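Student: got a predicted structure here, sequence first:
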4 protein chains.
Amino acid sequence: MRYVAVVGSGECSEELARLAYEVGSGLARRGVVVICGGRGGVMAAAARGVQETGGVVIGLLPGTSRAEGNPYLTFSLPTGLGEARNAVIACAAEALIAVGGGYGTLSEVALALKRGKRVVGLAFSFPQLPGIITAATPEEAVEKALSP
Amino acid sequence: MRYVAVVGSGECSEELARLAYEVGSGLARRGVVVICGGRGGVMAAAARGVQETGGVVIGLLPGTSRAEGNPYLTFSLPTGLGEARNAVIACAAEALIAVGGGYGTLSEVALALKRGKRVVGLAFSFPQLPGIITAATPEEAVEKALSP
Amino acid sequence: MRYVAVVGSGECSEELARLAYEVGSGLARRGVVVICGGRGGVMAAAARGVQETGGVVIGLLPGTSRAEGNPYLTFSLPTGLGEARNAVIACAAEALIAVGGGYGTLSEVALALKRGKRVVGLAFSFPQLPGIITAATPEEAVEKALSP
Amino acid sequence: MRYVAVVGSGECSEELARLAYEVGSGLARRGVVVICGGRGGVMAAAARGVQETGGVVIGLLPGTSRAEGNPYLTFSLPTGLGEARNAVIACAAEALIAVGGGYGTLSEVALALKRGKRVVGLAFSFPQLPGIITAATPEEAVEKALSP
């Protein structure tokens, strides 16, 4: 079983939501377990893509209440860690796909790169960051995240 | 969907393993998602009970490697938090069932009680602890953990 | 330099506050750095004992704001970890002195015992816990916490 | 009392070490409490600058042993959190000064920016990052970190 995190902002444009949805859907089609931060925006769109494709998506929430999770999560885990849950996401996934993203996303990307993990950027907000693998489409992002 | 954690020591007697197995199996039969620490002993026995009953068990591992998980987990999440992952387990579950247990288990129980959660002890090593609901059998432990 | 944590409830009786004050004062007189959770009750009383004796007390706060700390801390560190900061307190101190205490305190005690650390109970709320060293006076608690 | 973190890599060039030393020294001269990750490289150089100027520097270590800290720390706190201690550093400091830095440093910077904190880069390895305040000298970095 493989685990990939889809990371991005809690609020996002329709275009980023569409990309995140396709990433979630593509990962689910390949049987990959998707990890995300469980909130709105990119996280919700990716989770919806997974759910509607029949896959599994696990949300690692920053707060203490399951109710803060989006409605598309297969499983939700309130961590109570606040922003430190970003480190858990970067640890739990084998690879990350970053869609858009703000500073919280950047912290997840940085922690994953620090651990030597594959990080793919799709319309990533910090494209100049060394170590990021750039993808032009959701399909390409999924493929590059799963490359050996 | 309901989430219950089964907590206990990483090494345990055959009798505790049997109890943990039955608890995992009973929770799975009721469609409850089981959370555990993902390691050996009680955690492995409970996970095996879930797996062999066709349920879902999520292991929240203390280290950074998925390889440290037992082979019965449906999903495993290395947190990289060390012992602080005990706080995540106590936060993520709605109720806890403690089987046997050492000091690590006690920390999970204490954190769950602190959060006002239901904690059921089955052959619990610290039965005198105020706030613990005692169960005599795995079946009773499952029922009491799920009481409203 | 030695580090000892004084742990206890965020609200407490005058008698427990007096004991915590004396423990803080006694540790400070011996040049020990005191670690605490930084909030009220036992934590504030211990910190006041340290401050008025000219020692150093570091508060590890659960939230994200320094303003939640009591006014007696020499240094305060908001961790943003919620209850998981209990694991940090148990990790950062070489020994613990538990004064009174509720379930949060018990989690710190359990995590310290799990790590093989010396834990001294003074009017400890869970005196029957195996592994606790009992002290009858603040002075005795300090001495037993510092025994080699 | 003010708290500023100096963040950077665990190994660094002599030139970066000189900059970090001057930053630590400058913060100490202004009575600022310095927070760092407690290890080598930039962290050790900044701590040495603080120590030799008579200031206070607190090291928040990733592991469970105080022995992993550099010898210049006034106080060291093993957190046991692994990389998640980066989130604690970003939470505990009011402002950050990043000297050089790799992905771990970038995660601290991102988490601090996410929390709306002032982040000053001095020979920062990711200068193109939006939101970073650039400084040309250690003195300028200290002044900009402390600007209201």
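Tutor: That came through, no problem. Residues are numbered from 1 along each chain as shown, chains lettered A, B, ... in the order given.
Student: rest of the way, CA atoms for contacts and neighbours
Tutor: OK.
Student: residue of chain A closest to chain C, please.
Tutor: Nearest to chain C, among the residues of chain A, is A:Leu81, at 4.6 Å (CA to the nearest CA).
Student: what sits against the closest residue to that residue other than its chain neighbours?
Tutor: In space, and not counting its chain neighbours, A:Leu81 is closest to C:Leu81: 4.6 Å by CA to CA, 6 or more residues apart in numbering or on different chains. Taking CA atoms under 8 Å, 6 or more residues apart in numbering or on different chains, we find C:Leu81 in contact with A:Gly80, A:Leu81, A:Gly82, A:Ala84, C:Pro62, C:Gly63, D:Val88.
Student: quick one: which of the residues you listed is nearest chain B?
Tutor: Of all the contacts of C:Leu81, chain B sits closest to A:Gly80, with 6.3 Å by CA to the nearest CA.
Student: surely the closest one touches C:Gly63?
Tutor: No: the criterion here is CA atoms under 8 Å, and A:Gly80 misses it with C:Gly63 at 10.8 Å.
Student: ok, the two, which is more surrounded?
Tutor: Taking other CA atoms under 10 Å in any protein chain shown, A:Gly80 and C:Gly63 do not tie; A:Gly80 has more neighbours (25 against 21).
Student: which residues are in contact with the more buried one?
Tutor: A:Leu61, A:Pro62, A:Gly63, A:Thr64, B:Ala87, B:Val88, B:Cys91, C:Leu81, C:Gly82, C:Glu83, C:Ala84.
Student: near the first one, how many other residues are there?
Tutor: By that I understand A:Leu61. 28.
Student: leaving out chain neighbours, which residue sits closest to it?
Tutor: A:Leu61's closest residue in space is A:Pro78 (CA to CA, 6+ apart), at 4.5 Å.
Student: now do the contacts for that neighbour.
Tutor: Under the contact definition (CA under 8 Å, 6+ apart), the residues listed for A:Pro78 are A:Leu60, A:Leu61, A:Pro62, A:Gly63, A:Thr64, A:Ser65, A:Arg66, B:Val88, B:Cys91, B:Ala92.
Student: cool, and A:Glu15?
Tutor: By CA under 8 Å, 6+ apart, A:Glu15 has no neighbours at all.
Student: what confidence value was assigned to A:Val127?
Tutor: Quick fix: residue A:127 reads Pro, not Val. On pLDDT, A:Pro127 comes in at 89.
Student: give me the neighbour count for it.
Tutor: 14.
Student: just checking, A:Gly82 touches C:Gly82?
Tutor: Yes: here A:Gly82 lies in contact with C:Gly82, judged by CA under 8 Å, at a distance of 7.5 Å.
Student: distance check, A:Ala95 against A:Val34.
Tutor: Using CA to CA, to the nearest Å, A:Ala95 is found at 10 Å from A:Val34.
Student: so what sits against both of the two?
Tutor: Taking CA under 8 Å, 6+ apart as the contact rule, A:Ala95 and A:Val34 both touch A:Tyr3, A:Val4, A:Ala5.
Student: from these, which land in strands?
Tutor: The strands, defined by DSSP state E, take in A:Tyr3, A:Val4, A:Ala5 from the shared contacts of A:Ala95 and A:Val34.
Student: export these to TSV and tack on pLDDT and distance to chain D?
Tutor: Formatted as TSV, these follow (pLDDT from 0 to 100; distance: CA to the nearest CA, whole Å):
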residue	pLDDT	distance to chain D
A:Tyr3	98	20
A:Val4	98	19
A:Ala5	98	17
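Student: of these, just say which sits nearest to chain B.
Tutor: Nearest member of these to chain B, counting by CA to the nearest CA, is A:Tyr3, at 9.1 Å.
Student: on that earlier part again, would you list the ones in strands among the shared contacts of A:Ala95 and A:Val34 in JSON lines and tack on distance to B:Leu106?
Tutor: Output for those, formatted as JSON lines (distance: CA to CA, whole Å):
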{"residue": "A:Tyr3", "distance to B:Leu106": "31"}
{"residue": "A:Val4", "distance to B:Leu106": "33"}
{"residue": "A:Ala5", "distance to B:Leu106": "32"}
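Student: and those residues near chain B, which?
Tutor: Filtering these for neighbours of chain B using CA under 8 Å from any CA of the partner chain leaves an empty set.
Student: now the residues you listed: which count as buried?
Tutor: Those of those that meet the buried threshold are A:Tyr3, A:Val4, A:Ala5, by 16 or more other CA atoms under 10 Å in any protein chain shown.
Student: contact residues of chain A facing chain C?
Tutor: Counting by CA under 8 Å from any CA, chain A sits next to chain C at A:Gly80, A:Leu81, A:Gly82, A:Glu83, A:Ala84.
Student: could I get the residues you listed as a markdown table with secondary structure and pLDDT?
Tutor: Shown next, in a markdown table, are those (DSSP: H, G, I helix; E, B strand; the rest coil; pLDDT from 0 to 100):
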| residue | secondary structure | pLDDT |
| --- | --- | --- |
| A:Gly80 | coil | 98 |
| A:Leu81 | coil | 98 |
| A:Gly82 | helix | 98 |
| A:Glu83 | helix | 96 |
| A:Ala84 | helix | 98 |
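Student: please, which helix or strand holds the residue of chain A found nearest chain D?
Tutor: Proximity of chain A to chain D (CA to the nearest CA) peaks at A:Ser107, 4.3 Å away. Using DSSP states H and E, A:Ser107 sits in helix A:103-114.
Student: CA atoms only: put that helix into CSV for me.
Tutor: What follows is helix A:103-114, C-alpha atoms only, in CSV (Å, rounded to 0.1, in the frame of the first residue of the first chain):
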residue,chain,number,x,y,z
TYR,A,103,3.1,29.2,4.2
GLY,A,104,1.5,26.2,6.0
THR,A,105,1.8,24.1,2.8
LEU,A,106,5.4,25.3,2.4
SER,A,107,6.2,24.0,5.9
GLU,A,108,4.9,20.6,4.9
VAL,A,109,6.9,20.7,1.7
ALA,A,110,10.1,21.7,3.5
LEU,A,111,9.7,19.0,6.2
ALA,A,112,9.1,16.4,3.5
LEU,A,113,12.2,17.5,1.5
LYS,A,114,14.2,17.5,4.8
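Student: helices of chain A, start to end?
Tutor: Secondary structure of chain A by DSSP state H: the helices cover A:14-29, A:41-52, A:85-92, A:103-114, A:138-146.
Student: what packs against the shortest one?
Tutor: Counting contacts by 3 or more CA pairs under 8 Å, 6 or more residues apart in numbering or on different chains; DSSP states H and E, the secondary-structure elements packed against helix A:85-92 are strand A:3-8, strand A:57-61, helix A:103-114, strand B:75-78.
Student: comparing those, which comes out most buried?
Tutor: Among the helices and strands packed on helix A:85-92, ranked by average contacts under mean count of other CA atoms under 10 Å in any protein chain shown, first place goes to strand A:3-8 (a mean of 28).
Student: what angle separates it from helix A:41-52?
Tutor: Orientation check (axes from the mean of the first three to the mean of the last three CA atoms, to 10 degrees): strand A:3-8 against helix A:41-52 gives 140 degrees.
Student: which strands or helices does strand A:3-8 pack on?
Tutor: helix A:14-29, strand A:33-36, helix A:41-52, helix A:85-92, strand A:95-99, helix A:103-114.
Student: if we use 7 Å, what do you get?
Tutor: Under the contact definition 3 or more CA pairs under 7 Å, 6 or more residues apart in numbering or on different chains; DSSP states H and E, strand A:3-8 sits against strand A:33-36, helix A:41-52, strand A:95-99.
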